[in-house]
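In: Quick check, what structure comes out for this input:
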Amino acid sequence: MHSIAVAGHLCLDITPLQADRAQIDPGSLFDVGPLSVTLGGCVANTGGVLADLGAVVVPYATIGDDELGGLLREKLDAKGFANPQLAISSDRTTSYSLVIEQRGSDRTFWHHTGANSDFDGRGVEPAGHTVVHVGYPPLLPGVLAEGGRKLTDLLSRVQSAGVTSSLDLAVVDPNSAVGTLDWDVILASACSHSDIVTPSLDDLTSAWGIEEEYSPALVDRLAHRLLDYGVAVVVISAGAHGLHLRTASKDRLKEGGTLLAPLADTWADQSLSLLPLLVENTVTTNGAGDSSTAGLLFGLSQGAAPAQSAALAIACSAAVISGERATPAKVMELDKSLADIFERNVRKDHR
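Out: Here you go, the predicted model:
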């Protein structure tokens, strides 16, 4: 069984379940219904779906020594994560997001970065893992100084250990402190040591200051920019426009660590796009991109072909959007063609 490390941003998501009624109106009281408190951030979202699919997942993150930190630990334990590697910040509080989801519009986050500011990657140990996935650098100030040197150092250590390095991004707020950074320098450096990169289109356009509507030509241009930086597998999610996968040459994939090297023949020089699955009842869009990344990584870990791994990514995202866990049973219900991935795993286990 493959061990996948998921490192970086971790928080608690605190979500009023009837936020449609919420307004900011001094002196007024609005009934927003019961509260949902769940794990959030890349470590929990991507890691949680990987665990639901059957992977062994080891989280690496930094939390505070406070009540929210204790609650976060309890929820990690309940989720079944293997041996969480959590550093404790002595002077910062645990990160959280207030998630405001209103019908007919995308969600809004009121976010406290907190102890994530202290995460610098030094505590991540690549040995023993097949993949180290790092998520949300724009929300990890500790890795961004000096052109993202600590982020690059972490990804370089992963590659030097022969382990596949994976990187996901987050939207860069131009009005925040990280919005003033040179993201071209940061991404060029980090991607030169990243085997897999799985951003959303919004992540990339916000980082590079691109004000351009979706088009296949835009996706191709951004994907090839990342490939030119040295990435082996690029997957860009674009909401209703689906998932876009582009890969580098066989020689580059052979240098892609434990996960990618054996798949170089089948994954080299690929270009494909898949539309999302229809979801009749959208419950949440929170974590949809992270679940897509989890599906891709799990497909790769099972030796699946590019089209099948991309289909699993799409199905995982659809499951989460519909408010359900992305278990093997659920994703196979959504896409029967995915059964081979899980049947292949069962056959291996019973040899």
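
In: State the next helix or strand along the chain beyond the strand ranked longest in the chain.
Out: Across the chain, the longest stretch assigned as strand under DSSP state E is strand 56-64. Following strand 56-64 in sequence order, the next helix or strand is helix 67-79 (DSSP states H and E).

In: Against which helices or strands is whichever helix or strand comes after that following helix packed?
Out: Where DSSP H and E defines the elements, the next helix or strand beyond helix 67-79 is strand 85-89. If you count contacts as 3 or more C-beta pairs under 8 Å, 6 or more residues apart in numbering; DSSP states H and E, strand 85-89 packs onto strand 56-64, helix 67-79. To be clear about C-beta, it is placed using only N, CA and C from the backbone, and glycine gets the same treatment.

In: Name the residues of the last one that are buried.
Out: Buried residues in helix 67-79, counting neighbours by 16 or more other C-beta atoms under 10 Å, are found at 68, 69, 71, 72, 75, 76, 79.

In: ok, so of those, who is nearest residue 55?
Out: For the buried residues of helix 67-79, the residue nearest residue 55 by C-beta to C-beta is residue 79; the value is 12.6 Å.

In: quick one, phi/psi of the nearest residue to residue 262 once chain neighbours are set aside?
Out: In space, and not counting its chain neighbours, residue 262 is closest to residue 303: 7.4 Å by C-beta to C-beta, 6 or more residues apart in numbering. With angles defined as degrees, to the nearest 10, residue 303 shows backbone torsions of phi 70, psi 20.

In: Let me know the angle separating the longest strand of the chain from strand 85-89.
Out: For strand 56-64 and strand 85-89, the angle between their directions (axes from the mean of the first three to the mean of the last three C-alpha atoms, to 10 degrees) works out to 0 degrees.

In: going forward, begin numbering at 35 instead of 1
Out: Taking 35 as the first residue, the last one we looked at is strand 90-98.

In: what packs against strand 90-98?
Out: strand 37-42, helix 75-87, helix 101-113, strand 119-123.

In: Out of the ones you listed, the one nearest residue 322 is which?
Out: helix 75-87 (9.0 Å).

In: Let me know the angle separating that closest one from strand 119-123.
Out: Angular relation of helix 75-87 and strand 119-123 on a 0 to 180 degree scale: 160 degrees, by the same axes, to 10 degrees.

In: which regions of the stretch 235-384 of the chain sit below the pLDDT cut-off?
Out: Under the criterion of pLDDT under 70, the regions of the stretch 235-384 of the chain flagged as low confidence span 378-384.
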